[in-house]
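# model this:
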Amino acid sequence: MDFSACRHQVTLDAQQLSYLDIGQGPTLLFGHGYLCDSRIWAPQLAQLSQDYRCIVPDLWGHGHSGALPASCRNLQDLAKQMLALLDLLKIDSCELVGHGMGAIWGTELALLAPGRVRSLVLLNSFIGFEPEVTRDKYLALLDEAAAVGHFPSAMIDSMAPLFFAADTRTRAPDLYQDFCHSLATHGTTHGTAPHNAAHDSANSEAHNATNSAEPLASLVRLGRMLFGRRDLLEEVEALALPCLIMVGCENRLRTVLESYLMHDALDGSEYVQLQHAGHLATLEQAEVVTARLGQFLSRP
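Numbering: from 1, shown residues only. Now for the predicted structure:
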């Protein structure tokens, strides 16, 4: 489904933020994960936009959005910018659907403006602090990418499988290859826009090295903000709202245990394990995720 006619731009902190505005009805604000973009919600938007107004921003440095503003120093600042987006669109309240990093800034937004967020979906995310072992590992990868000016092919080969269930590469090869292409072109202007032909990795790396300094700097800064985030589990008592927690059973980036810890900490939350799904469950198990979201959002 082509959503290009629904794409808009708004200036926040002197940078252009791109977002989709599709459908009519109660508002849903979507947040995608790190190194993804608004396209991961495409299957859900096709269905949910029939009953809801869906606002889907591309994170700074991702998709069609500009560079991360200098004033954005942490995920609390990012939440304030998304609140500013709601203000500009004159949206008084919304239900927030977050994946990965989008679920974390979404939680920050719910804490910042509790009257504006009616419910919260946390998909393949963890709002606690990043464990030291994985934090150091991911920060080292960011340092390597920053040093060479792009994501090298060897890094992509090791990173891409972490986003999917074990059989996705053979069951849905186009999905896997499209994501690899997105990683290869992350850090370039509009690097995650859809493509029509297989890419040449060597050419992609040469293009990245010469054209991606500013976008890559945004990705690196965002990554450091993500992996150095504060522990929001210490503040969950302030989240007095309906909450749905979903996790792919084969997620190798955010574990089933982490989602269960959030479920245990968030009183009254719903908890769903998604079979045959990894981190990009919205695409791997699109129908199941869409159905679960529809059930949760249509609650009495």
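# where does this protein dip in pLDDT?
187-213 (pLDDT under 70).
# Domains in it, by residue range?
When the chain is parsed with automatic domain parsing, its domains come out as 4-131+231-297, 133-225.
# Same list (these) but as JSON lines, adding mean neighbour count.
Heads up, the C-betas are built off the backbone N, CA and C, glycines and all. JSON lines is the format used below for the domains of the chain (neighbours: other Cβ atoms under 10 Å):
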{"stretch": "domain 4-131+231-297", "mean neighbour count": "20"}
{"stretch": "domain 133-225", "mean neighbour count": "17"}
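# now the strands for this structure?
Here the chain has its strands, by DSSP state E, at 7-12, 15-22, 27-31, 53-57, 94-99, 117-123, 243-248, 270-274.
# how about CSV for the ones you listed, with distance to Pro131 added?
Listed next are these as CSV, based on distance: least, Cβ to Cβ, whole Å:
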stretch, distance to Pro131
strand 7-12, 32
strand 15-22, 31
strand 27-31, 22
strand 53-57, 28
strand 94-99, 20
strand 117-123, 17
strand 243-248, 16
strand 270-274, 21
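# Determine which of the ones you listed approaches His150 most closely.
strand 15-22 (21.6 Å; Cβ to Cβ).
# picking that back up, for Val133, find the nearest of the strands of the chain.
Of all the strands of the chain, strand 243-248 comes closest under Cβ to Cβ, at 19.6 Å.
# before we move on, back to that, compare the strands of the chain and give me the one nearest Leu162.
strand 243-248 (11.5 Å).
# Distance from the closest one to the middle of the chain?
14 Å (Cα atoms, centre = their mean, to the nearest Å).
# Can you give me the first-to-last residue distance of stretch 43-63?
17 Å (Cα to Cα, to the nearest Å).
# could you list every residue that touches Lys80?
Lys80 makes contact with Leu112, according to Cβ atoms under 8 Å, 6 or more residues apart in numbering.
# would you put the C-alpha positions of the longest helix anywhere in the chain in CSV?
Identified as the longest helix of the chain according to DSSP state H is helix 132-148. What follows is helix 132-148, C-alpha atoms only, in CSV (Å, rounded to 0.1, in the frame of the first residue of the first chain):
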residue,chain,number,x,y,z
GLU,A,132,26.0,-3.6,30.7
VAL,A,133,27.2,-6.4,28.4
THR,A,134,24.9,-5.5,25.5
ARG,A,135,25.3,-1.8,26.1
ASP,A,136,29.1,-2.1,25.7
LYS,A,137,28.7,-4.4,22.6
TYR,A,138,26.3,-2.0,20.8
LEU,A,139,28.4,1.1,21.7
ALA,A,140,31.5,-0.5,20.3
LEU,A,141,29.6,-1.2,17.0
LEU,A,142,28.5,2.5,16.9
ASP,A,143,32.1,3.6,17.4
GLU,A,144,33.2,1.3,14.6
ALA,A,145,30.5,2.7,12.2
ALA,A,146,31.4,6.3,13.2
ALA,A,147,35.1,5.6,12.5
VAL,A,148,34.6,4.3,9.0
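# I'm done for today, thanks for sticking with me.
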